[in-house]
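Peer 1: got a sequence here, can you model it:
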Amino acid sequence: MPARGKDNHWDDDEVLQAIVLSDAFTNRFMPLSSYLPRALMPVANTPLIDYTLEFLAAAGVQEVYVLCGAHADKVEAYIKQSKYADEPRFTVKTYRLQRCLNVGDALREIDALGIHIRGTFVLVTGDIVSNCRLDAIEKHNARVAGDKTNSTIMTMLFKHTEPGHRLRSAEDELAVALESDTGLLLSYEQLANKDLHLSLGAFAGRPKVEFRTNLVDCHVYVCSPEVKMLFADNFDYECMSDLVKDVVERDESQICEYRVYGEVIRDEYAARVGSLQSYNAVSMDIMQRWTYPLVPDLFSSSGACATHKGRNVYVQPGVYLSRTSVLKRSVVIGSESRIGRDSGPQTTITNSVIGRGCTIGTGVTLDNAYLWDGVVVDDNCTITSSVLAHGVHVKHDVIINKGCLLSKDVVVGPDLNVPANSKFSLTSSKPDFNDFSSDEDEDVLAQASEDTITPISAVPYNTDHVGEEGKGFLWQVDEDNPEYRFNHWDPPAIDDDEQSDTGSVSSFDMEESEEEYEFGLPSDPFTAFYEEVLDVIRERVRRVAPNFSAVQVDNVALEISASRAAHDMTPKDTARAIVTSIVGSSDAFDTAKETVLYLKQTYLRLGCVLGNYIKSRDDQLAAINAIEDACTTSDYAAAGFQTILHGLYNDDVLEEESILSWYKTHDSQDELKKKLHTQVKPLIEWLENAEEESDEGESSEEDSD
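Peer 2: As a prediction, the model looks like this:
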């Protein structure tokens, strides 16, 4: 549990409270949310609500009230068995909402539930992922203390994200006006409505105003008790944006004038998982460590954190990785899962999360796939940009195309091509989504489905949809309903005219290219070359380990040489790719001992290949730096750094002068590199002693002459 706040003062009158809405009051994730609330959906193998609670704990919150709507029993049961149940200084209590259809209804129920709000409180949904320190609390309290008119009611959090960022979608586009000096919110317009209406009177008498389209609403609100009162008095408030718009659009001549402030974060992380697109984006951000310390090797709901093996690959305890399995980049593997078999075609996993207790066959390709606990994927399957819920079974030779959702225990296949954006469930009903408005909650729709379910045994499955051995029904949705319009992996883009307008507004503030957000890896020639070399080493070396005598070094050298020519790589870049790929290929081993042994033997076998590209002193220094960089990405590989250098020295690939020169000029402030520098000290001392003995031997020979 992280430290709370800046001190240990726990005066009851100053206890910071938070309201968490576990119900999203939307149908975005149906049919998945027909059996599991969004707050409990796993992201990087940890339920969403755990990220939210950890964020609140780190912000100094001491009391949390979780308001449960859909699947309240499951949320309550999870909280009771979680690590937060017995935390004395971070109490979490659950309350059941009665037929609330939106956020406004839920907030109007607070008093009826017996929740006593004593002062400033934080309001969030149960699907927030953030590492933000939430300094907005102190700033909000300072504003309230200095406000003689008692008009300051809320500070809302915005995240700086440029157009093109993967966290943004058309429905998230905002035009926000803030007073530069104070952060007072002067205008809040959602650009998905296309037409932008500004009240110029709001800017009168304010010399410095920021008009911004590069912000995303984080759905994190620091509130005064008046917020609760305003919802109680205004039954037309259905969501937070209704209150915000009403406040900023009020005429200053009105008797009740309230103020909302905006706090913009840039270097910290905050995002809401509100759609399939954001589910994918936030999952990728977690794997790529933008949410640090909420990352798989440091944070886990099960208590068993993963091992970070480099290239953003995380493996939890008890995982079996066959020699034919390839984890390319940005992958989380849950405990007790089995990936591939030692014989058979290669299984490749990229940008994906595998839950606990999953079984993946051979010849499988997973790209941007999210498999929850207990999923089985048989041989020769391809799954792209899709979510497979608990217990799903994919039979052999199945292709699941982009944007598919398979709900709990669905079976598809064999020999099936599932069309893009298909949704399957064991529920046979086909509710008319037009009967539900966009703000009706998942519980209402789930109950409607349960009331009309025909017994599974009485309804035949359509084998054209699920395959000859399949179990499940194609879930029917109304694509014209605005609630589902954005429920795709790639939601509809803004119209061309609107896209042009948005770009023109924001182009002056563009600091980062869109390329940076594509899985965090630029598509440069070296990266492509590195991937090919990595595949060669995995296939030719790791697959036969520990029988290193079976490594056909000539074939390895030939394939690397051909790839080098195709990508026009220099000898220095070729050496860098080889030494980095060797370390990268060690991610399949479960212990530091196995990893170090593999690295030692691989460098020994491929030393002659490296020797073809490492000639000069500069080449050697570049190779050492590349090995150092690669070893910092994996704790197990880091343990073998000294062994690697010593082996390359013994193999005459590295000279002692180069190693000593690297050591003496090493000035990195990176803590991991400092540890590697310390680790090789025995080798350095040995080399220095050997050099002195050599000098003494030469001196004695000269004297005898």
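Peer 1: could I get the contacting residues of the nearest residue to Lys402 once chain neighbours are set aside?
Peer 2: Spatial nearest neighbour of Lys402, excluding adjacent residues (CB to CB, 6 or more residues apart in numbering): Ser385 at 4.1 Å. Heads up, the C-betas are built off the backbone N, CA and C, glycines and all. Shown in contact with Ser385 (CB atoms under 8 Å, 6 or more residues apart in numbering): Asn280, Asp367, Asn368, Ala369, Lys402, Gly403, Trp489.
Peer 1: same question for Tyr65.
Peer 2: Gln17, Ala18, Ile19, Val20, Lys93, Thr94, Tyr95, Leu113, Ile115.
Peer 1: ditto for Arg168
Peer 2: Neighbouring residues of Arg168 by CB under 8 Å, 6+ apart: Thr161, Val216.
Peer 1: and it, how far from Ser385?
Peer 2: Distance check for Arg168 against Ser385: by CB to CB, to the nearest Å, it reads 18 Å.
Peer 1: so which of the contacts of Ser385 belong to strands?
Peer 2: In this view, those that belong to strands under DSSP state E are Asp367.
Peer 1: if we take the contacts of Ser385, which one ends up nearest to Asn612?
Peer 2: Asp367 (33.7 Å; CB to CB).
Peer 1: TSV please, covering the contacts of Ser385 and showing distance to Asp651 and pLDDT.
Peer 2: Rendered in TSV, the data for these read as follows (distance: CB to CB, whole Å; pLDDT from 0 to 100):
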residue	distance to Asp651	pLDDT
Asn280	44	92
Asp367	37	94
Asn368	40	93
Ala369	41	95
Lys402	47	92
Gly403	50	90
Trp489	48	69
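Peer 1: farthest pair in the contacts of Ser385?
Peer 2: Asp367 and Gly403 (12.9 Å).
Peer 1: show me where the stretch 101-250 of the chain has helices.
Peer 2: Taking DSSP state H, counting those that start in this stretch as the criterion, the stretch 101-250 of the chain contains helices spanning 103-108, 136-145, 226-233, 240-249.
Peer 1: out of the ones you listed, nearest to Tyr613?
Peer 2: The stretch from these with the least distance to Tyr613 (CB to CB) is helix 136-145; that distance is 53.0 Å.
Peer 1: what's that closest one packed up against?
Peer 2: Of the remaining helices and strands, those touching helix 136-145 by 3 or more CB pairs under 8 Å, 6 or more residues apart in numbering; DSSP states H and E are strand 152-160, strand 215-223, strand 259-265.
Peer 1: mind checking the pLDDT average for it?
Peer 2: Helix 136-145 shows an average pLDDT of 89 in the prediction.
Peer 1: kindly report the same for stretch 149-165.
Peer 2: On average, the pLDDT along stretch 149-165 is 84.
Peer 1: again, but for stretch 591-603
Peer 2: Taken as a whole, stretch 591-603 has a mean pLDDT of 86.
Peer 1: give me the buried positions along stretch 116-132.
Peer 2: Within stretch 116-132, the residues that qualify as buried are 117, 120-132, counting by 16 or more other CB atoms under 10 Å.
Peer 1: measure that stretch end to end?
Peer 2: Taking CA to CA, to the nearest Å, stretch 116-132 runs 26 Å from one end to the other.
Peer 1: what of stretch 261-270?
Peer 2: Taking CA to CA as the measure, stretch 261-270 stretches 17 Å from start to finish.
Peer 1: any idea how far it is from the chain center?
Peer 2: Its chain's C-alpha centre lies 18 Å from the corresponding centre of stretch 261-270 when counted by CA atoms, centre = their mean, to the nearest Å.
Peer 1: ok, and what's touching that stretch?
Peer 2: Outside stretch 261-270, the residues within contact range by CB under 8 Å, 6+ apart are 128-133, 135-136, 139-140, 143, 152, 154-160, 176, 178, 182-185, 215, 218, 220, 285, 290-291.
Peer 1: among those, the buried ones, what's the PyMOL command?
Peer 2: Selecting in PyMOL just the buried members of these, where the criterion is 16+ other CB under 10 Å, is done with this command:
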select buried, resi 128+129+130+131+132+133+136+140+143+152+154+155+156+157+158+159+160+176+178+183+184+185+215+218+220+285+290+291
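Peer 1: please tell me how far the nearest residue to Pro47 once chain neighbours are set aside sits from Asp172.
Peer 2: Counting by CB to CB, 6+ apart, the nearest residue to Pro47 once its immediate chain neighbours are dropped is Leu40, at 4.8 Å. The span separating Leu40 from Asp172 equals 24 Å under the rule CB to CB.
Peer 1: one more: Ser187?
Peer 2: Applying CB to CB, the value for Ser187 to Asp172 is 17 Å.
Peer 1: okay, now the unreliable bits of the chain?
Peer 2: In the predicted model of the chain, residues 1-13, 170, 192-205, 250-256, 303, 428-459, 477-524, 668, 691-705 satisfy pLDDT under 70.
Peer 1: try it again at 50.
Peer 2: 1-11, 253, 255, 429-458, 492, 494-523 (pLDDT under 50).
Peer 1: what's the helix or strand for the residue lying closest to Leu654 once chain neighbours are set aside?
Peer 2: Nearest residue to Leu654 in three dimensions, chain neighbours excluded: Leu648, at 4.4 Å (CB to CB, 6+ apart). Element membership for Leu648, per DSSP states H and E: helix 641-650.
Peer 1: does anything pack onto that helix? Which helices or strands?
Peer 2: For helix 641-650, the helices and strands in contact under the criterion 3+ CB pairs under 8 Å, 6+ apart are helix 592-605, helix 607-611, helix 617-631, helix 656-664, helix 671-679, helix 681-704.
Peer 1: of these, which is nearest Ala389?
Peer 2: When these are compared (using CB to CB), the closest one is helix 592-605, at 33.8 Å.
Peer 1: buried set for the closest one?
Peer 2: Residues of helix 592-605 classed as buried under the neighbour-count rule (16+ other CB under 10 Å) are Ala592, Thr595, Val596, Leu597, Tyr598, Leu599, Lys600, Gln601, Thr602, Tyr603, Leu604, Arg605.
Peer 1: re the thing from before, return the subset of the contacts of Tyr65 lying in strands.
Peer 2: Secondary structure of the contacts of Tyr65 is defined by DSSP E; positions in strands are Gln17, Ala18, Ile19, Val20, Lys93, Thr94, Tyr95.
Peer 1: ok, the residue nearest to Lys402 to Gly355 distance?
Peer 2: Ser385 sits at a distance of 17 Å from Gly355 (criterion: CB to CB).
Peer 1: the nearest residue to Val556 once chain neighbours are set aside: neighbour count?
Peer 2: Here the nearest residue to Val556 in space, its sequence neighbours aside, is Arg540; by CB to CB, 6+ apart that works out to 4.9 Å. Other residues within reach of Arg540 by the criterion other CB atoms under 10 Å amount to 21.
Peer 1: ok, Arg540 to Ala304 distance?
Peer 2: 33 Å.
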